[in-house]
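Undergrad: Provided below for reference: sequence and predicted model.
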Amino acid sequence: MRISKRLKLLVALCTILTLAHGAVLLKQRSVMIRSFEQIKHLTEVQLRVDLLRANLWLLQQYQDQKAINDTARALVNLQHYVNTAQQLQMAARETKLLNNLQRHEKNIGVLLDLSRQNLAKRLEPQSNSNKVLTTRYNVIIQSMSEDLLRLQTQVVDDARILQVRHLYLNGALLLLITILVTLFSLQTLSRFKAHLVTFKKGIKDLAAGDLLSKVSMPKGEEFGEMADEFNSMKQELLLATRKRDQLQLEVEEQTRQLQLQQAKLRHIAEHDDLTGIFNRGAATTQIELAIERCKRQQQQAALLFIDLDRFKPINDNLGHAAGDKVLKEIAQRLHCSLRASDMIARFGGDEFIVWLEPVHSHDEIALVVEKIRATGHDITLDTQQLDVDMSIGVSIYPTDGENLAALLSHADNAMYKTKKCRDSKAPAPAIETMPPQE
C-alpha cells in the first residue's frame, strides 16, 4: 500500500474515532478540568496553611506586634482561598471539610485577639496565658492540616475514580494515538539528528577557539533556545577572554609599579635623606664590593675621609636649616667634581667619604683632593658667602690596607693629622707615594 493511502486511511480512522468519542472526551475534559482546578486550589490552600503555621511559630517565638500582624495577614489570605474553594463544584463531604476549615479560621482569629490583649498587658512569653494560647494554636493548626489532608485525599480519590471509568473507554484511542506518536517520533528523530550534527559542528568550532561564529537553528523550538544559550555562552567566553587579557595587562602594570616602588624604597634605604648621596650602610657595602673587584682586577684605589672644619659654629650661629643647606651644597659639588666610577657618601654628621677607583698616581689623588677642598669655597647662603674648610685623610688600597676597616682607620688617622697640622698652622703631611702598578 502506498504511503499516501496509508496516511489517508489513518486520517479516516482517526476522524471516525474522534467523532465517536467526541462527546465522551468533552465530558471527560470538563471533569478533569474541574478536578485539576480543585486540586490546584487545594494546593494553594495547603500553601497558605503552611504559611499560617510558619507565622504562628514566629508568633510563639517572639510574641510581638509584627508577628501578630503577619499572622493576621496570613489568616486573611487563607480565608480568601477557602471561600474561593467553596465556589467550586465539590461533593457534600468535601463541602463539610471546607466548613470545618472556616470554623478553624474563626477560632484562630479569636486567638489572635487574645494574643493582642496579652501583648497589650505586656505578659511574659512564658506566662500561663501565652502557653495556653500556644497550645490552642497548635491544636487548631493540626486539626486544620488534618481536615485539609482528608479534603485533598477525597478530591484525589474522586478524580482517580473518574479516570478509571474513562480508562477502558479510551483504550483503543490511546492505542491509535500511540501509533501516531510513533510516526511523529520517527520524524522528530530525523530532525533531532540534523540539529545534533549542527551542534557538534558548533562545539568543534568552539574547541578550535572560534568564539565569533554562531549556531543557527529554527526559532520557536527547543533546539532554537539551546542554540541561543550556546551562542550566549560563546559571547560570555569572548568577553571573559578579553577581560582576562585586560587583567593580564593590569597585572603587568601593577608588577611594573611594584618594581618601581621597590626601586624607590631601595634608593631611600641606601641614600642619605638630606643630601641624596649614599649613606653609611650603603657606602660600606659598595666599598667592600669595590675592594673585591680591585683585588680581582689588581687595581689600586683610594679612600678619602673628609671632615668639615668648624661646621658646628654654622649650626650654632645660623641655625640647623642653614647647616643642612651647606651640607646639601657640598654634597652636590662633590658629586659633580668626581668621575662616574668614583663614589661619595655621607659618613656622619659633617663627615664624608670618597672612593676613587681606579687610581694610578699620587698626582691624580692630589688633584682630586684640591678639587674637593675647592668645593667648600663661596657657598651662598641667603645673602652671605661662606667658606668651609675641609680636613681630608687619604688611604690607598692595597698599600694602607686590604679591607675596609683598615682603610677607614688609616684615612681617619690621616685626616686627624691634617686637622692637627691645620690648627697648628704646620704644613699638612704629604700623601705617600704609590707603588708602581705591575
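TA: All right, it came through fine.

Undergrad: all helices of the stretch 101-250 of the chain, in order?
TA: Using DSSP state H, counting those that start in this stretch, the helices of the stretch 101-250 of the chain run over 128-167, 171-207, 222-270.

Undergrad: out of these, deepest packed?
TA: Neighbour counts (mean count of other C-beta atoms under 10 Å) averaged over each of the helices of the stretch 101-250 of the chain peak at helix 128-167, with a mean of 15. To be clear about C-beta, it is placed using only N, CA and C from the backbone, and glycine gets the same treatment.

Undergrad: quick one: G376 is in a strand?
TA: No - using DSSP: H, G, I helix; E, B strand; the rest coil, the assignment for G376 is coil, not a strand.

Undergrad: what sits closest to L206 if chain neighbours are left out?
TA: Distances taken as C-beta to C-beta, 6 or more residues apart in numbering put K234 closest to L206, at 6.3 Å, once the chain neighbours are dropped.

Undergrad: would you check that the one you found makes contact with K214?
TA: Yes - taking contacts as C-beta atoms under 8 Å, K234 lies within contact range of K214: 7.4 Å.

Undergrad: which stretch in the helices of the stretch 101-250 of the chain is the model least sure about?
TA: Among the helices of the stretch 101-250 of the chain, helix 171-207 carries the lowest mean pLDDT, at a mean of 73.

Undergrad: and for V76, the neighbour number?
TA: Neighbourhood size, V76 [other C-beta atoms under 10 Å]: 12.

Undergrad: I misspoke; the intended subject was R293.
TA: Residues near R293, counting by other C-beta under 10 Å, number 13.

Undergrad: per-domain residue ranges of this structure.
TA: Per automatic domain parsing, the structural domains of the chain span 22-169, 280-423.

Undergrad: include distance to T255 when you put the ones you listed into CSV, please.
TA: Converted to CSV, the domains of the chain look like this (distance: least, C-beta to C-beta, whole Å):
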stretch, distance to T255
domain 22-169, 55
domain 280-423, 25
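
Undergrad: which stretch in those domains has the least confidence?
TA: domain 22-169 (a mean of 79).

Undergrad: from one end of it to the other, what's the distance?
TA: 12 Å (C-alpha to C-alpha, to the nearest Å).

Undergrad: just how off-centre is it within its chain?
TA: Centre-to-centre, domain 22-169 and its host chain are 47 Å apart (C-alpha atoms, centre = their mean, to the nearest Å).

Undergrad: which parts of stretch 307-315 are buried?
TA: With burial defined by 16 or more other C-beta atoms under 10 Å, the residues of stretch 307-315 counted as buried are 307-308, 311, 314-315.

Undergrad: put together CSV for those residues, with distance to F36 and secondary structure on each row.
TA: Shown next, in CSV, are those (distance: C-beta to C-beta, whole Å; DSSP: H, G, I helix; E, B strand; the rest coil):
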residue, distance to F36, secondary structure
D307, 106, strand
L308, 105, strand
F311, 105, coil
I314, 104, helix
N315, 101, helix
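
Undergrad: just give me the closest of these to G401.
TA: G401 has its nearest neighbour among the buried residues of stretch 307-315 in D307, at 19.1 Å by C-beta to C-beta.
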